[in-house]
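Chemist: sequence first, predicted coordinates after that:
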Amino acid sequence: MPSPALIVLEDGAVFAGEALAGGGTVGGEIVFNTSMAGYQEIATDPSYCGQLITYTFPMNGNYGADSERDESGKAHARSIIARELTNYRFNRASRTTWLDWLAEHGVLAVSGVDTRALTRHIREKGALRAVVSTEAADARQLRKAAQGLPRMGGLDLAKVVTCDKAYEAPALEGGPAPDLHVVAYDYGIKRSMLRCLAERGFRVTVVPAQTSAREVLKRQPDGVFLSNGPGDPAAVGYAVKAVERLIGKVPVFGICLGHQLLAQALGFSTYKLAFGHRGANHPVKDLRTGLIEITTQNHGFAVKDGVVTGAAITHLNLNDGTVEGVAAPDRFAFSVQYHPESTPGPHDSLYLFDRFRDEIARFQKGGEA
Amino acid sequence: MPRRDDLHKILIIGSGPIVIGQACEFDYSGTQACKVLLDEGYEVVLVNSNPATIMTDPAFATRTYIEPLDLTTLTRIIEVERPDALLATLGGQTALNLAMELKSAGVLDLWEVEMIGADEKAIHRAEDRLEFRTAMEEIGLRVPRSMLAETVAESESALQELGLPLVVRPAYTLGGIGGGIAYDAESFRRIVEHGLQLSPISQLLLEESVVGWHEFELEVMRDHADNVVVICSIENVDPMGVHTGDSVTVAPALTLTDPQYQVLRDAAKAIIRKIGVATGGSNVQFAVNPTTGEVMVIEMNPRVSRSSALASKATGFPIAKIAARLAVGYRLDEIDNDITRKTPACFEPTLDYVVVKMPRWAFEKFPLADRELTTHMKSVGEAMAIGRTFKEAFLKALRSRELDGPAEVPGSAQELRKALAIPTAERYELVLQAFRQGLDVDELHELTGISPFFLSELGDIVELEREVRGAPQLTEQLLRRQKRYGFSDKRLAELTGRTEREVRALRIEHGVLPVYKAVDTCAAEFPAETPYFYSTYEEENEAVPGERERVVILGSGPNRIGQGIEFDYCCVHAALTVRELGYEAVMINCNPETVSTDYDVSDRLYFEPLTFEDVANIVANERPRGVIVQFGGQTPLKIARELAEAGIPILGTPQESIDLAEDRGRFGKFLEELGIQCPEYGLATTPAEAAAVAARVGYPLLVRPSYVLGGRAMQIVYGAAELEHYMMTAVSASPDHPVLIDRFLEDAIEVDVDAIADGEDAYIGAVMQHVEEAGVHSGDSACVIPSISLGEGTLEQVREQTKELALGLGVRGLINVQFAYQSYQLYVLEVNPRGSRTVPFVSKASGVPMAQLATRVILGERLADLGLERRVPEYVSVKEAVLPFSRFPGTDTQLGPEMKSTGEVMGIADTFPAAFGKAAAAAGMPLPLDGNVFLSVCDSDKSAATILAQRLHSLGFTIYATRGTATALTSLGIPVHVVNKVFQGEPHVVNLIESGEIGFVINTPFGRGARADGYEIRTTALRKGVASITTLAGASAAVSAIAAARRPRVQVHCLQDLHAAAEDR
Ligand SMILES: Nc1ncnc2c1ncn2[C@@H]1O[C@H](COP(=O)(O)OP(=O)(O)O)[C@@H](O)[C@H]1O
Ligand SMILES: Nc1ncnc2c1ncn2[C@@H]1O[C@H](COP(=O)(O)OP(=O)(O)O)[C@@H](O)[C@H]1O
Ligand SMILES: [Mg+2]
Ligand SMILES: [Mg+2]
């Protein structure tokens, strides 16, 4: 018999469900993701560190789970919330069921919630702090707990999820022989990013978030990659400094948090969005080609629109006009807010990894295209 | 680049009559396209032969032509109108094929008409199986191995090459008609012959079978800047082998991991680009091997389709509307998503609910048809349901189908196993029953190939049934739980031995009430502007009624024979008028094909089943002034009494009048009081009683169970034995309802009247004279406005009696009366106190918008104030029925009192023959202008037939006849070739039809015997596509039409001109 679970937000809103995996009391920033598939990729994405994920697609778990689809070694979401958690394992690409996976990874999984009401609440009130509990039945008490949680703003979570020492990313069997070397900053890197790089002939050395520019340059990389990651980009000053020292000396490509860090290094500033972008259907326009990409997104902070010498805004979100990409062409640095590696989501933006190779080639040819 | 200013006039081709495989969805897409293009300031020229459509209302285009969809007619219209562009991707396969004909005939080039949306190259690349295969291989995608064959011999060698089982697909046919899966050599030969015969270019594709693979569809859109988005994924619950149109489908795809889905998405994008659809929507179908993951491309439709209509309703993203904008130059990012208004249309909808679509079949009407579901579509309609989970949506969809009776399901596990092995209309009832019988997921997967995921979900449903069955009482908690899973009050009542009323009362007492959630394309990420709702049992209700007074309109549910698009036409007009009058229009319907379920049409759309429970719940949420039940056909009427009893105000004709008109006994007395004649009749529940009635009224008789739609199980009975037999079968069919026995009026002229009444006065829309005699269902017989042979006196009597009936019944709104005129006597056959099938036809023939006016009356306006006077159109309008026989090989084409047509067409001309000829052509039975005609008529027709023969002879036809008819004719000096009846041995008439020597068959059967006799003749003619007519009246109209068709030039008429002319007179 599943135990009842309460979801209580800092503003006092209460939502009820039942816990089908895990238990106890967990807290964090409550967000929603609108992808219709890829629940496991999402739950294992380090960018969700310290968050509670509401899946807007009501049936969650239909095709089971498999370590192949992990984006990191563990579940980063503290709790996942759905309308109906299902427990199937019929898909040929799954070795276990979603509920077993969640139990095994100690995720507090809540089912039977009016997730649409919850989502609408978050949309109106913003991403709030919240507590999910199977223990305390007293909502007031849980609300206090929620209010006691740290705010996302000002939090450096990259240092929490980053690797503790540098390592060589495993080569891709069947992939091309690597001909370029890239150092990848791990602010909470997703495995699929490493895969995308390897697929394009990159040998990847992954380094911790705090690694200095000098140490990176010592490794004589052909390019530097700045990964995605959780937390407030404005709280990761050391990383911004490192990036400042790298740009110009070596081609740089950033994604998500990596993008926010590069943008700051170039002179842009960042801010917190009301409830962020999390899903796999966000239209982004590449201002240079005029073409639209349907993108995977997962971020609560964004780069403020503005004019910066030597750098340009290259991509815009068509839903709300927010900045989705910046570039400093003459310094061979560019980055996007969204996730070209997708997982889960469309493959429209994979071209950016090829662009990274092109930028490196341009750099090595001494700048002429 | 935004709007193209180099275009001014755009030609849109509709999809013609409703047929299996091509239904209302193209009225939905076409209407949207017309609206958009008018908004954009273009002149829209619309051609469609189907009068029951919204799109053919004069208001929806600049120039509307209700004309046959054929090369000559379109050529003429293009000559007259000189459009700049042709948009052919919104009128289904019909429009696509016609556009290709116009192109290859050089007409488009001659008049410099540009094909927008998809050009001929793209269409050809998608439609021509060989080119398609090459194109797919060039982008590294697999299609099933296949070979082309244009003769039986060629197919035999293909069989050697590919082996069995083998899928046979005729080129350029609709809904896969003529195709099938051959499992053995014998069935192979049969399918091949039929297929070659039906393919317009007599070409077959013989294809490696992937039966049992999972089937997925993606709806993809592209703009001229090469932006591509995928609007929706649809998963077929029935695996490959059952046509998507016959499959239960879900949106979005539920069983795919993200990587697996992205493989299909990437492929869909590559395909629309490779095929070269410049702008608009396309439908791509994939087969996926569940164990290996291998993917094959099954087909791509470079146009909007049934699935894109479904996808539009499932996501809230109006594909056709956007496609129209893209076709005239806009880019996806230049168009707003009109649900959120804030975000652009250039995105991919994300759902936070599950959609289930279920087909509805009509096999009961075609007893001889093969009931197995295969690669060629057989369903006549569909219902869609939205729920938060698969189970909820599935159970809602089940009840949305609104079956006439419970599906027949064998009880024993053994029989179930046998039955489950073949896909049929009852498939899911069988699966559920099998679970009740203890079969498990693995075995059912073995038997059906349905994926274990869906089977497990269905198993859960049965598990939940057990739970309530076993429960001591219905606690609030249990009730809520069951309702969340989608069980209806009715079902819970059955399961717990209560009445639906009791369950409902209990539910309300416990406060277990539904909430309504919005369909918003974005899973609540952005505020939704457009109120489009579905019910579920959760916490938050989003459907908050507005402050203006509300009026609820009940739709007509899934299409079925006897109730189709005509009723949707009425509902849409009701909604538009309700809004015009300052109310909020609230639409309830569950048919995804229709215009009424376009959220643009009403102020609030509830996509819900049309059961008492679901409607009453919505009414409780909306608290409207009342409910309009008279436009949705029989569906709303069936629940009207329950609604009234629940204290819900019925607007318009009061419930008592509806009951009175349906209760044969009371209605008979009512007629007596008015002094209006009806055929002598009686009621009987036993053979003995029936015999007594027969003795009183005399043979022949027309017998039928009470309360039936479209003349179900209606039969003409010529003798005692037959009557006895009928009573045995029919009565056992519905024990609680007596059998109605009428005197059958032979050789009577049938007349149909549509009128509006307001309690004080009645307005006669039109008196329609049927071409076929009474005895052929009004829905199946051709009819003409104005009457061609009835005298003014009779017509006046018809109008008078209609008035008396309308006022006597207290009708407020529409009424339809059917009369039979026999030997100078007028009889009332039936009164329907509601909008009828012919309302759109009448409106288009007369230019009087019947449904709008009726709505005004329903809401309290007086006819007197509407300033109506009788319209006397100077032209003749003919409605002809379109029958689905060709889809059911082996069925008898003979017409009777049971309705069988799926759609209708309209022919307009200045004379009856010309109009009839057009209607016949539009109905897809073009009449031969010369050649050999076979004539065989029943004795009572012989004298009349001689005149017919005379005319055929003078028109230069060579006449063939069987001995009886022949002697009658030769005696009058008409040259005749005598041919054998079948039993007289070869060479007999059927051989001649087979060999194509006879190009025109006139065969009027009589009585049971002859009807059986002619069966082979008619079915052969049908198979060979030979024009065949089964009534003398129809025949003589046809002969006149042939004479008229000899005139050199096609005349085409534009509705706007005709109506203006009628105004002036
Ligand atoms: N090679 C095949 N093996 C098994 N089933 C097939 C095959 N090709 C088509 N089908 C079935 O036939 C149906 C109709 O085929 P399709 O190509 O979609 O024709 P249509 O133009 O009628 O949609 C499909 O929905 C699928 O279920
Ligand atoms: N007494 C009768 N004599 C001859 N034909 C009849 C008689 N009653 C009904 N019919 C024929 O049967 C058809 C169907 O009967 P109707 O009462 O209209 O049933 P439905 O409710 O299906 O319209 C009519 O259109 C008419 O052609
Ligand atoms: Mg198809
Ligand atoms: Mg009738």
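Modeler: Received the coordinates, thanks. Ligands and ions are numbered 1, 2, ... in the order given.
Chemist: which bits of chain B sit near ligand 4?
Modeler: B:778, B:818, B:830 (Cβ under 5 Å from the ion). For glycine as for every other residue, the C-beta is placed from the backbone atoms N, C-alpha and C.
Chemist: so which of those residues wins on neighbours?
Modeler: residue B:778 (25 neighbours; other Cβ atoms under 10 Å in any protein chain shown).
Chemist: mind pulling up the pLDDT for it?
Modeler: Per-residue pLDDT puts residue B:778 at 93.
Chemist: what's the distance between it and ligand 1?
Modeler: 32 Å (Cβ to the nearest ligand atom, to the nearest Å).
Chemist: can you tell me the helix or strand for that residue?
Modeler: Under DSSP states H and E, no helix or strand contains residue B:778.
Chemist: residue A:263 now?
Modeler: Using DSSP H and E, residue A:263 falls in helix A:257-266.
Chemist: return the residues in contact with residue B:227.
Modeler: By Cβ atoms under 8 Å, 6 or more residues apart in numbering or on different chains, the contact list for residue B:227 reads A:291-292, B:331-333, B:346.
Chemist: surely residue A:200 touches residue A:357?
Modeler: Yes - between residue A:200 and residue A:357 there is a contact at 5.9 Å, judged by Cβ atoms under 8 Å.
Chemist: and residue B:936, what does it touch?
Modeler: Here residue B:936 is in contact with B:961-962, B:965, B:989, B:1002-1004, B:1014, B:1017 (Cβ under 8 Å, 6+ apart).
Chemist: quick one: it is in a helix?
Modeler: No - counting by DSSP: H, G, I helix; E, B strand; the rest coil, residue B:936 is not part of a helix but strand.
Chemist: just list whatever residues bridge to it.
Modeler: Beta-bridge partners recorded for residue B:936 (DSSP bridges): residue B:1003.
Chemist: do you know the pLDDT at it?
Modeler: 85.
Chemist: could you measure from it over to residue B:976?
Modeler: Distance, residue B:936 to residue B:976, using Cβ to Cβ, to the nearest Å: 11 Å.
Chemist: what segments of the stretch 151-300 of chain A are strands?
Modeler: A:167-168, A:180-186, A:202-208, A:223-226, A:252-255, A:270-286, A:292-303 (DSSP state E, counting those that start in this stretch).
Chemist: now render those as CSV, adding mean pLDDT and mean neighbour count.
Modeler: CSV is the format used below for these (pLDDT from 0 to 100; neighbours: other Cβ atoms under 10 Å in any protein chain shown):
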stretch, mean pLDDT, mean neighbour count
strand A:167-168, 97, 11
strand A:180-186, 98, 24
strand A:202-208, 98, 21
strand A:223-226, 98, 27
strand A:252-255, 98, 28
strand A:270-286, 96, 22
strand A:292-303, 97, 25
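Chemist: got JSON lines for those strands, with distance to residue A:342 too?
Modeler: Compiled in JSON lines, the strands of the stretch 151-300 of chain A are given as follows (distance: least, Cβ to Cβ, whole Å):
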{"stretch": "strand A:167-168", "distance to residue A:342": "24"}
{"stretch": "strand A:180-186", "distance to residue A:342": "18"}
{"stretch": "strand A:202-208", "distance to residue A:342": "18"}
{"stretch": "strand A:223-226", "distance to residue A:342": "16"}
{"stretch": "strand A:252-255", "distance to residue A:342": "11"}
{"stretch": "strand A:270-286", "distance to residue A:342": "7"}
{"stretch": "strand A:292-303", "distance to residue A:342": "4"}
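Chemist: in CSV: these, plus distance to ligand 1.
Modeler: Below are those laid out as CSV (distance: least, Cβ to the nearest ligand atom, whole Å):
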stretch, distance to ligand 1
strand A:167-168, 47
strand A:180-186, 44
strand A:202-208, 41
strand A:223-226, 45
strand A:252-255, 40
strand A:270-286, 27
strand A:292-303, 26
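Chemist: for the ones you listed, give me JSON lines that also has distance to chain B.
Modeler: Listed next are those as JSON lines, based on distance: least, Cβ to the nearest Cβ, whole Å:
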{"stretch": "strand A:167-168", "distance to chain B": "25"}
{"stretch": "strand A:180-186", "distance to chain B": "22"}
{"stretch": "strand A:202-208", "distance to chain B": "21"}
{"stretch": "strand A:223-226", "distance to chain B": "22"}
{"stretch": "strand A:252-255", "distance to chain B": "18"}
{"stretch": "strand A:270-286", "distance to chain B": "4"}
{"stretch": "strand A:292-303", "distance to chain B": "5"}
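Chemist: assess the claim that residue B:236 and residue B:247 are in contact.
Modeler: Yes - counting by Cβ under 8 Å, residue B:236 does reach residue B:247; the two are 4.3 Å apart.
Chemist: name the residues contacting each of those two.
Modeler: Joint contacts of residue B:236 and residue B:247 (Cβ under 8 Å, 6+ apart) are residue B:215.
Chemist: and the strands in the stretch 1-150 of chain A, which stretches?
Modeler: A:3-9, A:14-21, A:25-33, A:51-55, A:59-60, A:79-81, A:84-85, A:108-111, A:129-133.
Chemist: direction included, what does the fourth one pair up with?
Modeler: The one in question is strand A:51-55. Strand A:51-55 is paired, per DSSP bridges, with strand A:25-33 (parallel), strand A:79-81 (parallel).
Chemist: try the second one
Modeler: In its sheet, strand A:14-21 lies beside strand A:3-9 (antiparallel), strand A:108-111 (antiparallel), with partners assigned from DSSP bridges.
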